[in-house]
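Undergrad: this is a predicted model, with the sequence first.
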Amino acid sequence: MVSLLMKILFMSKEELSLLEILIEDLSFVNWAKNHNQNDVAFWNNWIRQHPDKIETVYNAKAIILGIKFNKTQVSETKIDQALSDILALVEVEEKSFKKEKKSFSVIKYMAMATTLVLFISLAYLFIPTDTTVTHTTLFGEIIDLKLPDGTSVILNGNSEISYDKNTPRNINLSGEAYFKVKSIPSTKAKFWVNTRDLKVEVFGTQFHVSTRNNKTGVLLDEGRIELLLGNGTSKKMKPGELVSYSNKDKITTHDKVTQELSYSLWREGTYIFNNTTVYEVMKNIEQAYGLKTEFIDEELKGQKLTGGIPNQNLKICLSAIEKSTGTRIVVKDNRLIMFKN
Amino acid sequence: MNTFSEKALWELFTEGDQNAFSSLFKTYYPQLYGYGIKLSSDSFITEDCLQNFFIYLHKNRRKIRKVNHVKSYLYTSFRREILKSLKKERQFSSYETSLERGRSFGFSPEELKIEQELSHIKTTTLAILLNTLSTRQREVIYLKYYSGLSTKDTMEVMDISYQSVLNTLQKAFAKLRNEIEDREISAILKKT
């Protein structure tokens, strides 16, 4: 990556274009495909420092991701028919020159042996030694996880879960995540999510936990859960309910949620806002992307916004907010500067 | 098939192995058929050219030993075959005239898959957008993403420079991205 930076820094017009460098750089390709966390972090940071290159960066990403096609199939019978037609036509030609398959198979076996050796050495590399497993997401990154017991977790940006390999149903969370807990009816094994404010105790169920804004909010989609709050009390929850608690101010809220929820919809790549103030909307974006908003016009904070905002792509996200609130948002360093248009 | 076994197969074929020929045929007939249809929009011309092309390969197999990359060699030669036939058929002289006028490389919504990245638009919209690109842009997209050719192979097949493959891709995607983002934003605003 260092040599790449040098390449970019000392690039002159006659030399390689930035686009060319990017699409051939493995680390950049990883960023585009959201593959390697180090590469994702490196390039997110690079983009923040080079806002003028954003167009080229997103073009390079589009070229790497490309367009996916459903391939048209040609039926076997048609191929066979075409082949036998051609073989009939060339039959006048000799049938001689019988194969010498030996060299072919030797090479093939050699290739297979090499592959095997490679796999074995790779397997060694990946044998873990520590028993704590941690998954961390970066700003703006959402990952799907499958825990060893079959539970699925969708981890939102800037969040972390960890657990001990020996107790994979006892999870620590900071940030925001959605859980679909695999129930194990035979043993009635419980599943726990620990945050700094409370402990969620569950059987098989689906729920959402967020530790943003100095409190922990739990929203239950399906099933039944019990919360053990930091103040020693406990709370039973029914589907559709939202409980939040903070160890700081010891305030508990317990509401029935009727509206389409803003809480869980980030999973599908959209924030849904329902008469939400611009201030809160920006808070959401700040936490997912690790940015800070500066309001040039204070009254903007109170303006209400309703609708869906895509959250996978910061540029589209901001431009949707700009258009629906009649503002301009300028990204500078790690700050979003928002003012009336 | 990977490049390695492909090369071994090709060698066997040039040594006269009939099974190797059948195997190559079965691998490449469907791919080249698809490419031919996109180039000519005509299944008769495509099938005719394919037959001539494979007979030519079979006849001349001992002369065409040295091939660096089988796939790009086959695409390049077959493309030439189709263009020759289109030229005869339509009396057009250049790439532009023979392909542009013949509505080459049109894409249908059924051929497209939408991934999360583009989740807000439909395949019908994407097909419309793709079809507004130039024929050259669409052919590059077809070769690279549909047929899975590398940028270098695409350059060889279309007989243009590496830089111009990249420029073509960049222009195509810049246009697509702008259109898609505009549509996404207006779709979002409609909801509010």
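TA: Structure received. Numbering: from 1, shown residues only, chains lettered A, B, ... in the order given.

Undergrad: which residue does chain B bring closest to chain A?
TA: Nearest to chain A in chain B, going by C-beta to the nearest C-beta, is B:G16, at a distance of 2.7 Å. Bear in mind the C-beta positions are built from the backbone N, C-alpha and C, glycine included.

Undergrad: can you tell me how far A:E241 is from chain B?
TA: According to C-beta to the nearest C-beta, to the nearest Å, A:E241 stands 27 Å off from chain B.

Undergrad: could I get the phi/psi values of that residue?
TA: Phi and psi for A:E241, reported as degrees, to the nearest 10, are phi -100, psi 150.

Undergrad: my read: it touches A:K235, true?
TA: No: in this structure A:E241 lies outside contact range of A:K235 using C-beta atoms under 8 Å: 9.3 Å.

Undergrad: pull up the overlap in contacts between these two.
TA: Residues within reach of A:E241 and of A:K235 at once, by C-beta atoms under 8 Å, 6 or more residues apart in numbering or on different chains, are A:H254.

Undergrad: and stretch B:48-68, how far from the chain's centre?
TA: 19 Å (C-alpha atoms, centre = their mean, to the nearest Å).

Undergrad: please read the previous query as pertaining to stretch B:169-185.
TA: Here stretch B:169-185 is found 22 Å from its chain centre; the criterion is C-alpha atoms, centre = their mean.

Undergrad: again with stretch B:16-31
TA: From the chain centre to the centre of stretch B:16-31 is a distance of 19 Å (C-alpha atoms, centre = their mean).

Undergrad: neighbours of the residue of chain B closest to chain A, how many?
TA: B:G16: 19 surrounding residues under other C-beta atoms under 10 Å in any protein chain shown.

Undergrad: need the phi and psi values for it.
TA: Here is the backbone geometry of B:G16 (degrees, to the nearest 10): phi 100, psi 10.

Undergrad: repeat for B:A8
TA: Residue torsions, per degrees, to the nearest 10, at B:A8 are phi -60, psi -40.

Undergrad: to what extent is it buried, counted in neighbours?
TA: Residues lying near B:A8 (other C-beta under 10 Å) number 19.

Undergrad: cool, the one 10 residues further on as well?
TA: As a burial measure, the neighbour count of B:Q18 was computed by other C-beta under 10 Å and equals 18.

Undergrad: I'd say the residue of chain B closest to chain A and B:K59 touch.
TA: No: with contact defined as C-beta under 8 Å, B:G16 does not reach B:K59; the gap is 11.6 Å.

Undergrad: please tell me how far the residue of chain B closest to chain A sits from B:R62.
TA: Look at B:G16 and B:R62: by C-beta to C-beta, to the nearest Å, they are 7 Å apart.

Undergrad: same thing with A:E176?
TA: From A:E176 to B:R62 the distance is 66 Å (C-beta to C-beta).

Undergrad: ditto for A:Q81
TA: From A:Q81 across to B:R62, the span is 27 Å (C-beta to C-beta).

Undergrad: thought A:W192 was touching A:F203?
TA: No: with contact defined as C-beta under 8 Å, A:W192 does not reach A:F203; the gap is 11.1 Å.

Undergrad: using PDB, write out every CA atom in stretch B:67-82.
TA: Output in PDB follows, covering the C-alpha atoms of stretch B:67-82 (Å, rounded to 0.1, in the frame of the first residue of the first chain):
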ATOM      1  CA  VAL B  67      -2.300 -19.700 -28.800                       C
ATOM      2  CA  ASN B  68      -1.600 -17.700 -25.700                       C
ATOM      3  CA  HIS B  69      -5.100 -17.600 -24.400                       C
ATOM      4  CA  VAL B  70      -7.600 -19.900 -25.900                       C
ATOM      5  CA  LYS B  71     -10.700 -18.000 -24.900                       C
ATOM      6  CA  SER B  72      -9.600 -14.700 -26.300                       C
ATOM      7  CA  TYR B  73      -8.300 -16.400 -29.400                       C
ATOM      8  CA  LEU B  74     -11.700 -18.000 -30.000                       C
ATOM      9  CA  TYR B  75     -13.700 -14.800 -29.300                       C
ATOM     10  CA  THR B  76     -11.400 -12.800 -31.600                       C
ATOM     11  CA  SER B  77     -11.500 -15.200 -34.500                       C
ATOM     12  CA  PHE B  78     -15.200 -15.800 -34.200                       C
ATOM     13  CA  ARG B  79     -15.900 -12.100 -34.000                       C
ATOM     14  CA  ARG B  80     -14.000 -11.600 -37.200                       C
ATOM     15  CA  GLU B  81     -16.100 -14.400 -38.800                       C
ATOM     16  CA  ILE B  82     -19.400 -12.800 -37.800                       C
END
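
Undergrad: that older thread, more neighbours, A:E176 and B:R62?
TA: Each of A:E176 and B:R62 has its neighbours counted (other C-beta under 10 Å); A:E176 has more, 26 against 10.

Undergrad: go ahead and flag the most central residue of the chain.
TA: Because you didn't say which chain, this covers chain A. A:I142 (2.3 Å; C-alpha atoms, centre = their mean).

Undergrad: ah, I was thinking of chain B
TA: Short answer for chain B (C-alpha atoms, centre = their mean): B:L143, at 3.6 Å.

Undergrad: isn't B:K122 up against B:I114?
TA: Yes: the pair B:K122 / B:I114 is scored as a contact, 7.2 Å apart, by C-beta under 8 Å.

Undergrad: run through chain B and note the low-pLDDT ranges.
TA: Residues of chain B meeting the criterion pLDDT under 70: B:1-4, B:65, B:90-103, B:115-120, B:187-192.

Undergrad: switch the cut-off to 50
TA: Chain B contains residues with pLDDT under 50 at B:118, B:192.

Undergrad: that one: helices as residue ranges?
TA: Ranges of helices within chain B are B:3-14, B:18-40, B:43-59, B:70-90, B:95, B:123-131, B:135-141, B:151-158, B:162-191, based on DSSP state H.

Undergrad: how does chain B divide into domains?
TA: B:1-104, B:107-192 (automatic domain parsing).

Undergrad: before we move on, the earlier item: ok, the nearest residue to the residue nearest to the centre of chain A once chain neighbours are set aside - how many residues close by?
TA: Once flanking residues are discounted, A:I142 sits nearest to A:N156: 5.7 Å by C-beta to C-beta, 6 or more residues apart in numbering or on different chains. Using other C-beta under 10 Å, A:N156 has 23 other residues around it.

Undergrad: next one: B:N52
TA: By the measure other C-beta under 10 Å, the count of residues near B:N52 is 15.

Undergrad: then the one 5 residues further on?
TA: Neighbourhood size, B:L57 [other C-beta under 10 Å]: 22.

Undergrad: before we move on, what about A:P51?
TA: A:P51: 12 surrounding residues under other C-beta under 10 Å.
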